[in-house]
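*Asks:* make a model of this:
(one chain, ligands or ions: 2)
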Amino acid sequence: MEGGYNILRSSFANKGTAFDQDERKKYGLRGLLPPRTETIVEQAERALAQFTSFQSNLEKYIFLNCLRDRNETLFFYLLVNNLELMMPIVYTPTVGEACQKFGNEFRFAQGMYFSSQDKGQFREMLDNWPHKEVDIIVVSDGSRILGLGDLGTNGMGIPVGKLQLYVAGAGFHPSRTLPVIIDAGVNTKKYLDDKFYLGEKHARLSDPEYYALMEEFLVAVYNKWPKVLVQFEDISNDHCFTLLENYRNRFLCFNDDIQGTGSVILAGFINAVRATQIPLKDHRMVFFGAGSAGIGVADCIVSLMEEQGMTKEEARKRFWFVDSKGLITTNRGDELAEHKKAYARTDYTTQLKSLLEVVKDVKPTALVGLSGIGRSFTQEIVEEMSKNVEKPIVFSLSNPTSNAECTAEQAYQWSEGRCIFASGSPFAPVEYRGHTFVPGQGNNMYIFPGLGLGAFLCQSLRVTDEMINTAAKTLASNVDDAEVITGKIYPGLSKIREISVQIATNVIEKAFEQGIATIQRPENIEQFVRK
Ligand SMILES: O=C([O-])CC(=O)C(=O)O
Ligand SMILES: [Mg+2]
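*Replies:* Residues are numbered from 1 along each chain as shown. Ligands and ions are numbered 1, 2, ... in the order given. So this is what the prediction gives:
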């Protein structure tokens, strides 16, 4: 096949009806398109009408990704101009359903896949990627997709969705983004038995085999694209902390669930502290869920407490972590996973087995859910908590919506409209006793596009805790005092591109301050970012 037809079949080159008459002559497109030339505004109007005509969110998701497969330019134009409407489709929560049904709904491949069958050949395989330059990679092994568990290769929707936000939220070029799945097996029986499942059908690899695969992948990637930024995403707790420790000082990389979520919740917490007017050092925080996100968030809050003069030990004592076995203590008789040890309480002789018992005992100012267990903040728990504080902070952060620890409506009702609420997945505004509450979305989507852009643009040697802390403060400062008093702790989503500029600018400043930016210092960093 030759000429114009190939252009129409390439999602990057294709402009569809927007090719003008001169272009149609030049590229051999005459006769291959309906006669009238349209502007992208007209094309987008039609695409929006088509999007709206679908009933289910999953159909809308499929429509958008198929549109992208035909015409990247139109897809991103539509997304950027309808971000608030389409974010819950291309991203959380619909992307979760799309991952669960990935094998059933598969139409065409996006991104790249590497499995144990390909061992020793990763570097060579990278040369099959059609684009010369890659600036950013999001890589998952599908082992902990949102709060949905081990989805194996079906998890590809997450790297794809995150990178769409890197483009829409921070201006990365679509052709320079690469979504990746490392297929290391799957432990979910449903997928092993599913005839439409597209990953390798075996149990997950042993640790040595797994780490060898990851090592081969990262070495291959940095050999081919030395400047690339790698974001680790939705990797289970047994591996994600080790991977981050192994690679954070070796390559330019970060883990979005530990550090991105940590940063975004720190931002929300900074503003919740402003709203409650209780000093940071006096907060008592009960965390339900001690995985990547829970520990990542606590570490970020601890770093802010240290900055304000507390020692690490004092700061960590303000946290009470609860997991499936109850309050995490040093003496409860089980072998604690390494990442939980720093937050294990040493001051309990009786074992508190349930979240309710812990809330009764601790009388927390903040209750933070990153457990992946839907509706685990019961009426009794939220009411109990609300007895003791005027403005209880209730963060129900697990994704997608079905896994939120409680809904926005429940939190406002059970706290009699007093709580400062945020969730990981979006909730609609809630009417309660004549008042409209707009729940904040404490989702790492506010942080990773700007953080990644800043770290990549200045070619930082690594992503430091200070850069992550700076990103959080920048996000927090986007809500003013008058808004904070009403319980609004995150800015509106429509501001996301502007926020990404600010975050990237401040992250670059920080990298220069720390002496780890490797480009020549631009005269005006903000203008450099905007360009
Ligand atoms: O993807 C999201 O919405 C946030 C996130 O990283 C997760 O839940 O794992
Ligand atoms: Mg994630």
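*Asks:* which parts of the chain sit against ligand 1?
*Replies:* Residues of the chain found near ligand 1 (CB under 6 Å from any ligand atom) are 92, 146, 234, 256, 257, 399, 424, 443, 444. In short, each C-beta sits where N, CA and C put it, glycine included.
*Asks:* out of these, which end up buried?
*Replies:* The neighbour count (16 or more other CB atoms under 10 Å) marks 92, 146, 234, 256, 257, 399, 424, 443, 444 as buried among those.
*Asks:* of those, which belong to strands?
*Replies:* For these, not one is inside strands, with DSSP state E as the criterion.
*Asks:* ok, so of those, who is nearest residue 174?
*Replies:* For those, the minimum distance to residue 174 (CB to CB) is 19.1 Å, reached by residue 256.
*Asks:* who are the contact partners of the residue in the stretch 301-450 of the chain positioned nearest to ligand 2?
*Replies:* Going by CB to the ion, ligand 2 is nearest to residue 444 of the stretch 301-450 of the chain, at 6.9 Å. Listed by CB atoms under 8 Å, 6 or more residues apart in numbering, the contact partners of residue 444 are 256, 257, 260, 261, 263, 264.
*Asks:* about what we covered before: now distance to residue 336 too, for the buried ones among the residues of the chain next to ligand 1, in CSV please.
*Replies:* Formatted as CSV, these follow (distance: CB to CB, whole Å):
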residue, distance to residue 336
92, 30
146, 25
234, 23
256, 25
257, 20
399, 25
424, 25
443, 29
444, 26
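*Asks:* how about a markdown table for those residues, with pLDDT added?
*Replies:* Formatted as a markdown table, those follow (pLDDT from 0 to 100):
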| residue | pLDDT |
| --- | --- |
| 92 | 97 |
| 146 | 97 |
| 234 | 98 |
| 256 | 98 |
| 257 | 98 |
| 399 | 96 |
| 424 | 97 |
| 443 | 95 |
| 444 | 97 |
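*Asks:* and which of the residues you listed is nearest residue 458?
*Replies:* Using CB to CB, those come closest to residue 458 at residue 256, 19.2 Å.
*Asks:* nearest to ligand 1: which residue in the protein?
*Replies:* The minimum distance from the chain to ligand 1, using CB to the nearest ligand atom, falls at residue 92 (3.2 Å).
*Asks:* phi first, then psi, for that residue.
*Replies:* In terms of degrees, to the nearest 10, the main-chain angles of residue 92 are phi -60, psi 130.
*Asks:* residues in contact with it?
*Replies:* Per CB under 8 Å, 6+ apart, neighbours of residue 92: 146, 161, 399, 400, 424, 425, 426, 443, 445.
*Asks:* so who does the fifth one touch?
*Replies:* Just to be clear, that refers to residue 424. Residues near residue 424 by CB under 8 Å, 6+ apart: 92, 396, 397, 398, 399, 404, 441, 442, 443.
*Asks:* among the contacts of residue 92, name the ones in helices.
*Replies:* In helices, judged by DSSP state H, the following of the contacts of residue 92 are found: residue 161.
*Asks:* part of a strand, is residue 137?
*Replies:* Yes: counting by DSSP: H, G, I helix; E, B strand; the rest coil, one finds residue 137 located in a strand.
*Asks:* dig out what it forms beta bridges with.
*Replies:* Judged by DSSP bridges, the bridge partners of residue 137 are residue 178, residue 230.
*Asks:* now residue 368: which helix or strand?
*Replies:* Using DSSP states H and E, residue 368 sits within strand 366-369.
*Asks:* and that strand, which strands flank it?
*Replies:* Strand 366-369 is paired, per DSSP bridges, with strand 285-288 (parallel), strand 393-396 (parallel).
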